[in-house]
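Asker: The following comprises the amino acid sequence and a computationally predicted model.
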Amino acid sequence: MSVLCERLQSQYPTVGQYDGNYRIFYHLENKCGTMYEVEVVADDLTGAMDTSQGFAARGYATTVIADPDADMSSIPTDEDTAVLGINTDTRYDEEEEAIESVYEATERSRARMVYKKVDSTLRGNFAAEIDAALTASEAALALVAPAFPSAGRKTEGGVHYVKGKPVAETEYGEDGKGPSSSSIANLFGTIGRPVENISLSTVDRGSDEVAAAITDAVERANRPPILVCDAQEESHLEVIAEAAADFDTLFVGSGGLAECITVPETSDDTCSSLRSSSGAALGVAGSVSTTTLTQLASLPDDVVVSLDGAALVAGDEPTAEIEQAVRRLQADRPVVLTAATDESAVERTLAAGQEQNLTSTEIRNLVAEQLAGATTEILQEATPSGMLLTGGDIAVAVIRSLNATAITLTGEEVEAGIPIGKFADGTMAGKALITKAGGFGSEETIVNCLDALNQTDA
């Protein structure tokens with residue numbers, strides 16, 4: 001125990017004497033007692049899931065807090081939980097709100113290590129959240145490696161690529177919170193920290209060379225620097241993780257780097273398992289990425305139940321579509337609920353929202369809430385074997401509608417970055433849950449997810 005902890009315990013021997021000093025209580029609790037090995041702080045739910053999977057796959061008992069507004073004292077975590085994923089749900093928040101949420105989540109961490117998860121397409125309050133986490137963690141540096149090679153996300157020369165194209169030139173650059181530049185360093189322009197790139201040639205020479213580059217950068221800096229690392233393949237991420245392990249490092253990355261991080265304690269293979277479940281799978285697709293739309297097109301027409309997004313924005317009740325979905329599930333046939341199957345449907349929904357003077361974020365949230373409401377009505381009449389949720393917004397909205405707060409991971413995945421978990425609480429407690437980031441997967445991924453949900457076993 002540190003001298004600081006001893007002094008605080010002497011000064012504040014019981015919680016009742018803290019005089020409402022909430023921050024001192026958390027500081028004492030965090031620094032003097034550790035509950036978890038790793039805490040993953042992510043800006044959306046699918047990201048919290050796919051990154052936490054990097055630890056669950058190695059046998060570490062892992063729980064993801066899905067609802068950022070949940071009462072943390074009532075979260076159903078097991079005493080064996082080694083890794084805790086936190087969804088701050090800040091990707092589309094205003095920058096100041098995101099900074100506050102991430103700073104608080106990092107400062108209050110009760111883990112030996114905080115891993116700041118960022119979007120592998122650099123969306124969200126990318127630089128601001130990293131800066132907030134670095135400030136709160138008081139680490140000596142932030143090592144930033146958003147590459148996820150198995151998902152087609154790579155970095156070279158400090159420039160980030162998605163499937164070979166500079167990220168700002170892809171559909172993600174057109175997102176309301178998309179990157180303004182493909183150069184990662186450029187995104188930190190207003191932060192005021194030293195930013196350097198660790199080149200691919202340095203990474204290729206091994207962990208000792210990367211460690212030397214880190215040492216030099218820290219010594220040159222007048223405050224904790226941000227070091228952006230090139231990575232083209234998983235072996236590069238392994239080198240980066242090994243090189244930074246002996247420094248006081250805030251690791252920043254996507255699911256790719258998380259798979260390579262060394263956890264202080266060894267795994268005891270205590271990941272949760274699933275019991276077999278009858279019925280058919282229910283999917284809810286809220287993402288309108290090109291990848292997800294292509295995956296929906298690969299499904300048989302009768303599997304997809306498409307709600308009219310423009311009508312949802314107008315407040316119309318999708319009664320007929322809900323009844324259609326219920327009939328299919330009651331007949332043990334899978335269903336995927338969505339509000340868009342092609343770009344034209346997306347455009348109609350946006351136009352309907354704009355007629356009501358709604359912003360793109362308000363439209364997105366409204367559609368997510370309506371899809372979640374429809375899902376709740378369906379589940380009142382039919383019980384699926386498990387659920388697939390694709391798109392971070394819809395995932396949180398549906399989970400809230402089911403009175404769930406947490407998900408335990410099994411360590412299994414359908415494909416890279418697409419984990420299998422189960423609801424830890426709520427009306428679907430114990431049932432299987434698969435989450436998928438909108439831009440992840442192949443043409444057949446949703447088909448494969450539905451198949452996996454119908455094959456879950458204990």
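Answerer: Sure, I can see it.
Asker: And the helices in the stretch 1-150 of the chain?
Answerer: 3-11, 22-32, 45-56, 95-107, 126-137 (DSSP state H, counting those that start in this stretch).
Asker: Closest to the centroid, which residue in the protein?
Answerer: Geometric centre of the chain, nearest residue: Gly47, 1.7 Å, by Cα atoms, centre = their mean.
Asker: ok, now which ones touch that residue?
Answerer: Taking Cβ atoms under 8 Å, 6 or more residues apart in numbering, we find Gly47 in contact with Asn87, Lys117, Val118, Asp119, Ser254, Gly255, Gly392, Ala437. C-betas here are computed from N, CA, C, even on glycine.
Asker: Recalculate using a threshold of 10 Å.
Answerer: By Cβ atoms under 10 Å, 6 or more residues apart in numbering, the residues touching Gly47 are 40, 85, 87, 91, 117-120, 123-124, 254-255, 392, 417, 435, 437.
Asker: Same check on Phe148?
Answerer: Contacts of Phe148 (Cβ under 10 Å, 6+ apart): 50-51, 119-121, 154-155, 162, 231, 234, 237, 253-259, 416-417, 437, 440.
Asker: strands paired with the longest strand seen in the chain, and their directions?
Answerer: Using DSSP state E to define each element, the chain has its longest strand at strand 406-415. If you go by DSSP bridges, strand 406-415 pairs up with strand 62-65 (antiparallel), strand 418-423 (antiparallel).
Asker: continuing past the lengthiest helix in the chain, what's the next helix or strand?
Answerer: Secondary structure assigned by DSSP state H gives helix 360-381 as the longest helix of the chain. Counting by DSSP states H and E, the next helix or strand C-terminal to helix 360-381 is strand 386-390.
Asker: same question for the helix or strand that that following strand is followed by, mean pLDDT?
Answerer: With elements assigned by DSSP H and E, the helix or strand that comes after strand 386-390 is helix 392-401. Averaged over helix 392-401, pLDDT sits at 91.
Asker: go on, stretch 370-384?
Answerer: Rounded mean pLDDT across stretch 370-384 is 95.
Asker: What residues sit buried inside it?
Answerer: For stretch 370-384, a neighbour-count test (16 or more other Cβ atoms under 10 Å) marks 370-379, 382-384 as buried.
Asker: show me where the stretch 201-350 of the chain has strands.
Answerer: 226-229, 249-253, 282-285, 304-306, 335-338 (DSSP state E, counting those that start in this stretch).
Asker: So for Ala429, which of those strands sits nearest?
Answerer: strand 282-285 (15.6 Å; Cβ to Cβ).
Asker: Can I get the buried residues of stretch 370-384 in JSON lines including distance to Leu141?
Answerer: Output for these, formatted as JSON lines (distance: Cβ to Cβ, whole Å):
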{"residue": "Gln370", "distance to Leu141": "44"}
{"residue": "Leu371", "distance to Leu141": "41"}
{"residue": "Ala372", "distance to Leu141": "40"}
{"residue": "Gly373", "distance to Leu141": "45"}
{"residue": "Ala374", "distance to Leu141": "46"}
{"residue": "Thr375", "distance to Leu141": "43"}
{"residue": "Thr376", "distance to Leu141": "45"}
{"residue": "Glu377", "distance to Leu141": "50"}
{"residue": "Ile378", "distance to Leu141": "48"}
{"residue": "Leu379", "distance to Leu141": "46"}
{"residue": "Ala382", "distance to Leu141": "51"}
{"residue": "Thr383", "distance to Leu141": "49"}
{"residue": "Pro384", "distance to Leu141": "46"}
